[in-house]
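Novice: Sequence first, predicted coordinates after that:
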Amino acid sequence: NSDLKPKHTNIVFLKTHKTASTTVQSMLFRFAERNNLTVAFPKPACGHQFCYPNVFSAEFVHPQTQPPNIIANHMRFNRHELQNLMPNNTKYITILREPASMFESLFAYYINHAEAFRRVPDGFMETFLEDPLQYYWPKEDNAMYVHNTLTFDLGGDKDRPAADVAYAQEFVAEVERVFSLVMISEYFDESLVLLRHLLSWDLQDILYVKLNMRKESSKKSLSPALSQKIRAWNTVDAHLYDYFNASLWVKLSELGLDSVAKEVKHLRQAQEKLIKRCFGGQMPLLRSASEIKSKKLRPWQPSENVGIVGYDLPSNISLETKELCLKYIMPEVSYTPMFLHSHLPEPPPLKKKPFSSRLLLHSA
Ligand SMILES: Nc1ncnc2c1ncn2[C@@H]1O[C@H](COP(=O)(O)OS(=O)(=O)O)[C@@H](OP(=O)(O)O)[C@H]1O
């Protein structure tokens, strides 16, 4: 905590899709647990996202998780509702990813869930990109995973025509007014340095283990021409990314690139130490879900064709180390319900009924 200011604890993290947001979310959950903070979780009817793709409403928040300090599950952003829900000094943070690699990840992940992708006869992203409008219907289920997903998550209009540059510029300006930090997943560690300074956090607070990765064989390399087609299809996202990538580097320069590089180096050293401690002295092997022994460490698999990899812990580490490390590698689908449960009151202990009343119940 370099400048000795108190750590900032009230945070909205807009968890965008396929941007390394699960890794950030895990970091926020661990910070909240260590500091006894309340995290707003979705009510059960919403699943682990806040009734996404509906626009966020405070009604989607589990009543036992209010008033919150932190909110970090997927949602479609709604500034007014969040401002009413969260404390006045809340900092707003989000993360963006380069649109071409993000779209490649979305296509692989949602190939069986988004109708637009399912309609592609040969299942190739290249075919989809030859004529996206042949397959895409803006109003159908899961259309938000197909077109300008970042813009949609941020509450914007995913279907604005590419020629409407004024809209993209206004939208960028609105995002900049609300968010104190827009992280960039290609510069994840540099973004964390900015986050640490913004929130007056320690190096320990920004430690992480990468989550929710696909196995190498599920990834496709993109030619420059294909990347260009993806950007042309997702123009508002491309506009957002270009603007906030540039603004990230302005912020990093203000901090001093040499001191940022030093902090990144320290972060990576601390991370290596953590990983060695958790995985018995060795760097961890990435495992497919079926190879992971512990059920709660298996990441969610969207389909057979795309492998999301995770980690297992060795059996020969101490209980204390195991408890620490579990929190770093637990996938969202396990961490969310476990943490939510810790916010809920203990159910009253079951009273043993006297023998006679049990008999009466039985005969009724
Ligand atoms: N630290 C860090 N830096 C850079 N990239 C990272 C990091 N952590 C995760 N990832 C990559 O982010 C992708 C998963 O994103 P999300 O966790 O946001 O996905 S989800 O929408 O919550 O399912 C997923 O991308 P793909 O592997 O291309 O699918 C992860 O590999």
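Specialist: Done, it's in.
Novice: Show me what the host helix or strand of residue 309 pairs with in its sheet, parallel or antiparallel.
Specialist: Applying DSSP states H and E as the criterion places residue 309 in strand 308-310. Neighbouring strands of strand 308-310 in its sheet, by DSSP bridges, are strand 213-214 (antiparallel), strand 287-288 (antiparallel).
Novice: ranges for the strands of the stretch 1-150 of the chain?
Specialist: 11-14, 39-40, 70-71, 91-96 (DSSP state E, counting those that start in this stretch).
Novice: pLDDT on the longest one, on average?
Specialist: When pLDDT is averaged along strand 91-96, the result is 98.
Novice: Turn the strands of the stretch 1-150 of the chain into CSV, including mean neighbour count and distance to residue 231.
Specialist: Every C-beta, even on glycine, is put in place using the N, C-alpha and C of the backbone. Shown next, in CSV, are the strands of the stretch 1-150 of the chain (neighbours: other Cβ atoms under 10 Å; distance: least, Cβ to Cβ, whole Å):
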stretch, mean neighbour count, distance to residue 231
strand 11-14, 24, 22
strand 39-40, 24, 34
strand 70-71, 24, 30
strand 91-96, 23, 13
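Novice: Which one of the ones you listed lies nearest to the ligand?
Specialist: Nearest to the ligand, of all these, is strand 91-96, at 7.6 Å by Cβ to the nearest ligand atom.
Novice: Determine the next helix or strand in the C-terminal direction from the strand holding residue 309.
Specialist: Following strand 308-310 in sequence, per DSSP H and E, is helix 319-329.
Novice: In that following helix, which residues are buried?
Specialist: For helix 319-329, a neighbour-count test (16 or more other Cβ atoms under 10 Å) marks 321, 325-329 as buried.
Novice: near the ligand, which of the residues you listed show up?
Specialist: The overlap between the buried residues of helix 319-329 and the neighbours of the ligand (Cβ under 6 Å from any ligand atom) is empty.
Novice: Between the residues you listed, which sits nearest residue 295?
Specialist: The closest of the buried residues of helix 319-329 to residue 295 turns out to be residue 326 (Cβ to Cβ; 12.6 Å).
Novice: Residue 64 versus the closest residue in space to that closest one that isn't next to it in sequence, what's the distance?
Specialist: Leaving aside its chain neighbours, residue 326 sits nearest to residue 313 (7.0 Å; criterion: Cβ to Cβ, 6 or more residues apart in numbering). Distance, residue 313 to residue 64, using Cβ to Cβ, to the nearest Å: 30 Å.
Novice: re the thing from before, distance to residue 302 added to the buried residues of helix 319-329, as JSON lines?
Specialist: Below are these laid out as JSON lines (distance: Cβ to Cβ, whole Å):
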{"residue": "321", "distance to residue 302": "31"}
{"residue": "325", "distance to residue 302": "26"}
{"residue": "326", "distance to residue 302": "23"}
{"residue": "327", "distance to residue 302": "24"}
{"residue": "328", "distance to residue 302": "23"}
{"residue": "329", "distance to residue 302": "19"}
